[in-house]
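A.B. asks: Predicted model and sequence below, questions to follow.
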Amino acid sequence: MNSDTKLNNFQFKPYSVLYEQLIIRCRTLYLFVILLAFVHISIHPLPALRRVRNSYTNKIKELDNDEKDLFFVSAYYYGVGYSLYKNQVTLTFIAPRDAHWERRKIIAIRSDDTKTVLEPLQIHRATPHNLCKYVTLVGTIVLEEELTELELLVNGHTAKIRYLPADNKPKDLVVCTPPIYNNVRWQNVLLAAHVYTSFGGHLQTYVATTSRPFFEFLEELKRLKGISVDSFPDFYGKSKLDGIEFGGVTVANSDCLNKYKSSGSFITFLEWSDLLVPKSFDSYFSEFANYYESEIFVGLLEYRNERGVAKVVTRPSLIDSVWLNEPVEHPYKLKSKQMDDSKIFEIPDSADVDSMIRGNFTGGEALKSADRVTIGMSIRKTITNPSITAILGRLREDHSTIRCSKSFTTYYTDSNSLNCPGAHLCRNKATKYKFSCVKSDLQFKLLKYNTNFYQLSSSKGFEKTFC
């Protein structure tokens, strides 16, 4: 070996040692980061919940008799007159968790005067975990021609499914809310109804059971402010289906999404203590469209309240299902935008009508003074209506409110153990007496004697009784 070769080896040897040491240290750091992530996933409840999300990927099995049950809540048809989803049917239904219906075949049979066509449903699971016995699913089918009659074929059995036309009146923002089990303050509803309608929003309510004065109050707001009041099955009162998460919040949200999927420009899913106001524009449409037009890859707008809980605003066309207050699957190749300069306001229990009339209400500080005055005057006009005045007198004397022990947005972060948040979370504390109430008369009726298919049936929508 000559002197030049020895010199070269001497020069490059320190650099090769340094390179080896760098690789070893980077590998150690990489393994340390993986270890931290593993520890976080193991002890934190929310990642644990996400982990349960994929636990139903086991081999599909033969169904027991009670696992064949399908409970159809609603079916909406988008006919030829709809700008979006022409000739599409979307169903919301409930099924046993262990049946894994999202992996099984459900065939829709479309019939008309000339022919019959069979098409498989595309099924999305709206409940992303296995904590509760029953889960919510959404099935969708697109038809080539106009629908006249719809049947479902499952395991060799068929049954006709009743369907309704989806909403087709344009709405800037649809606000979907949890079902009411006599657990909502009327002051919150009063404020929400006036704020949302002032900026082009539409408030959708679902009522399972409530006091008579509160129900009459909702009916008057429906007449005066145009809110929607729909009957909702009382899952807390049904022994078989009381294993539904939070009394059917996901069921109500899925129904709301399907009902307004064609007519709503934007949609959000809020609790009754939440209030969302436009901060920069005079309408909800302008507020949200501004972000979607300026950033083409935005799929979700994430607003947070003071506790850091996120609520989303999105276009209904971008999501197929929703769990509690967020989509199960985020829009494909689209991102979530954190709305750091805006937030969801929380209405305190101390909120009173006199302050609302003066424009001094939660979220009002984000509005123009003229808008606050307009909303206050509108609230004043409503409560001085003779029919509303009489109802409010009874509401102020009504102490039958049911208090649910947990908010659905904080249950999984506050709980150390993951158990199904079923009927035990929402019970009437005043058990010594009964109060006059209005209940949904929706009942699941067997569609056909040789099937396990049930669909909600109602004679009047609501009935007066005692709770």
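C.D. replies: Ah, there it is. Bear in mind the structure is a predicted one, so any value in this text is a computation, not a measurement. Numbering: from 1, shown residues only.
A.B. asks: what's the offset of stretch 91-109 from the middle of its chain?
C.D. replies: What separates the centre of stretch 91-109 from the centre of its chain is 19 Å, taken as C-alpha atoms, centre = their mean, to the nearest Å.
A.B. asks: low-confidence ranges in the stretch 301-450 of the chain?
C.D. replies: 405-406, 415-417, 427-433 (pLDDT under 70).
A.B. asks: actually the stretch 151-300 of the chain, not the one I typed
C.D. replies: 237-239.
A.B. asks: Which stretches in it count as helices?
C.D. replies: Counting by DSSP state H, counting those that start in this stretch, the stretch 151-300 of the chain has helices at residues 186-198, 212-225, 249-259, 284-294.
A.B. asks: can you check the stretch 301-450 of the chain too?
C.D. replies: Remark: helices assigned in the stretch 301-450 of the chain by DSSP H, counting those that start in this stretch are 353-357, 369-383, 386-396, 411-414.
A.B. asks: For residue 261, find the nearest of these.
C.D. replies: Of all the helices of the stretch 301-450 of the chain, helix 411-414 sits nearest to residue 261, with 27.0 Å by C-beta to C-beta. Where you see a C-beta, it was placed from the backbone N, CA and C, and this is true even at glycine.
A.B. asks: Could you dump the helices of the stretch 151-300 of the chain into JSON lines with distance to residue 444 and mean neighbour count added?
C.D. replies: Shown next, in JSON lines, are the helices of the stretch 151-300 of the chain (distance: least, C-beta to C-beta, whole Å; neighbours: other C-beta atoms under 10 Å):
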{"stretch": "helix 186-198", "distance to residue 444": "28", "mean neighbour count": "22"}
{"stretch": "helix 212-225", "distance to residue 444": "22", "mean neighbour count": "19"}
{"stretch": "helix 249-259", "distance to residue 444": "12", "mean neighbour count": "27"}
{"stretch": "helix 284-294", "distance to residue 444": "35", "mean neighbour count": "17"}
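A.B. asks: Between those, which one is closest to residue 104.
C.D. replies: So among these, helix 249-259 is nearest, using C-beta to C-beta, at 18.7 Å.
A.B. asks: excluding its backbone neighbours, what's nearest residue 304?
C.D. replies: Nearest non-adjacent residue to residue 304, counting by C-beta to C-beta, 6 or more residues apart in numbering: residue 310, 5.1 Å away.
A.B. asks: meant to ask about residue 120, not that
C.D. replies: residue 107 (5.7 Å).
A.B. asks: and if you look at residue 448?
C.D. replies: Nearest residue to residue 448, sequence neighbours excluded (C-beta to C-beta, 6+ apart): residue 159, at 4.4 Å.
A.B. asks: got the buried residues for stretch 437-448?
C.D. replies: For stretch 437-448, the neighbour count (16 or more other C-beta atoms under 10 Å) marks 437-442, 444, 447 as buried.
A.B. asks: In those, find the pair that's most separated.
C.D. replies: 437 and 447 (29.3 Å).
A.B. asks: since we're on residue 401, how many residues are nearby?
C.D. replies: When neighbours are defined as other C-beta atoms under 10 Å, residue 401 has 18 of them.
A.B. asks: do the same with the one 3 residues further on
C.D. replies: For residue 404, the tally of surrounding residues (other C-beta under 10 Å) stands at 17.
A.B. asks: same deal with residue 152?
C.D. replies: 24.
A.B. asks: what separates it from residue 90, distance-wise?
C.D. replies: 13 Å (C-beta to C-beta, to the nearest Å).
A.B. asks: where does residue 90 land in three-state SS?
C.D. replies: Three-state assignment for residue 90 (DSSP: H, G, I helix; E, B strand; the rest coil): strand.
A.B. asks: In contact with it, which residues?
C.D. replies: Residue 90 makes contact with 75-76, 78, 138-140, 166, 258, 261, according to C-beta atoms under 8 Å, 6 or more residues apart in numbering.
A.B. asks: got those as JSON lines, with distance to residue 269 columns?
C.D. replies: Listed next are the contacts of residue 90 as JSON lines, based on distance: C-beta to C-beta, whole Å:
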{"residue": "75", "distance to residue 269": "21"}
{"residue": "76", "distance to residue 269": "17"}
{"residue": "78", "distance to residue 269": "21"}
{"residue": "138", "distance to residue 269": "14"}
{"residue": "139", "distance to residue 269": "20"}
{"residue": "140", "distance to residue 269": "19"}
{"residue": "166", "distance to residue 269": "18"}
{"residue": "258", "distance to residue 269": "13"}
{"residue": "261", "distance to residue 269": "14"}
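A.B. asks: Now intersect those with the strands, please.
C.D. replies: Using DSSP state E, the members of the contacts of residue 90 that fall in strands are 75-76, 78, 138-140.
A.B. asks: quick check, nearest of these to residue 403?
C.D. replies: residue 138 (30.7 Å).
A.B. asks: Domain map for this structure?
C.D. replies: With domains defined by automatic domain parsing, the chain comprises 14-53, 64-348+399-467.
A.B. asks: and among the ones you listed, the most buried is which?
C.D. replies: Highest mean neighbour count of these: domain 64-348+399-467, a mean of 18 (counted as mean count of other C-beta atoms under 10 Å).
A.B. asks: re earlier: so for residue 463, which of the helices of the stretch 151-300 of the chain sits nearest?
C.D. replies: Each of those has some distance to residue 463 by C-beta to C-beta; the shortest is helix 212-225, at 10.8 Å.
A.B. asks: Are there helices or strands packed against the closest one, and which ones?
C.D. replies: helix 186-198, strand 201-211, strand 228-231, helix 369-383, helix 386-396, strand 436-440 (3 or more C-beta pairs under 8 Å, 6 or more residues apart in numbering; DSSP states H and E).
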